[in-house]
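Enquirer: Can you look at this prediction? I've put the sequence above it.
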Amino acid sequence: MSEATVPSPTSQAAPAKSVLRCYATRSDPAAIVCYRLSKKAEYRHGMIVYVPILIQVPTPSNPPSVILVNSLDDIHPNE
């Protein structure tokens, strides 16, 4: 058996630059939590795909608009 062939880097576009989003829960709107929206490359069924992920980062001193959610569990990287 031969090893699977990995597509060349030029066969698929690189992921877009990450986006910073900040959230707070309705029960504690002063507790702001920020996430960087990024993409992780994974090898699936012979192809490289980019899967959206959230990475928690320190809250900047001037965060972007804060999104209120019922729970931090309501946050999904596809939004």
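Expert: Looks like it arrived, so ask away.

Enquirer: ok, Ile67 - contacts?
Expert: Contacts for Ile67 were tallied using CB atoms under 8 Å, 6 or more residues apart in numbering; they are 21-24. From N, CA and C alone the C-beta is placed, and that goes for glycine too.

Enquirer: Make CSV out of those residues and add pLDDT, secondary structure and distance to Pro63.
Expert: CSV is the format used below for the contacts of Ile67 (pLDDT from 0 to 100; DSSP: H, G, I helix; E, B strand; the rest coil; distance: CB to CB, whole Å):
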residue, pLDDT, secondary structure, distance to Pro63
Arg21, 91, strand, 9
Cys22, 93, strand, 4
Tyr23, 94, strand, 10
Ala24, 94, strand, 10
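
Enquirer: Using PyMOL, define a selection of the buried residues within those residues.
Expert: Command for PyMOL, covering only those of the contacts of Ile67 found buried under the criterion 16 or more other CB atoms under 10 Å:
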select buried, resi 21+22+23+24
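
Enquirer: The contacts of Ile67: which two are farthest apart?
Expert: Greatest spatial distance among these (CB to CB): Arg21 and Ala24, at 11.3 Å.

Enquirer: how close does Pro63 sit to Tyr43?
Expert: Applying CB to CB, to the nearest Å, the value for Pro63 to Tyr43 is 35 Å.

Enquirer: okay, the two: which has more neighbours?
Expert: A count of neighbours by other CB atoms under 10 Å puts Pro63 above the other of Pro63 and Tyr43, at 15 against 11.

Enquirer: Can you list the buried residues in the lengthiest strand in the chain?
Expert: Looking across the chain with DSSP state E, the single longest strand is strand 28-44. Applying a neighbour-count criterion of 16+ other CB under 10 Å, one finds 33-35, 37-38 buried in strand 28-44.

Enquirer: now the strands for the protein?
Expert: Taking DSSP E as the test, the strands found in the chain are 19-25, 28-44, 47-57, 66-69.
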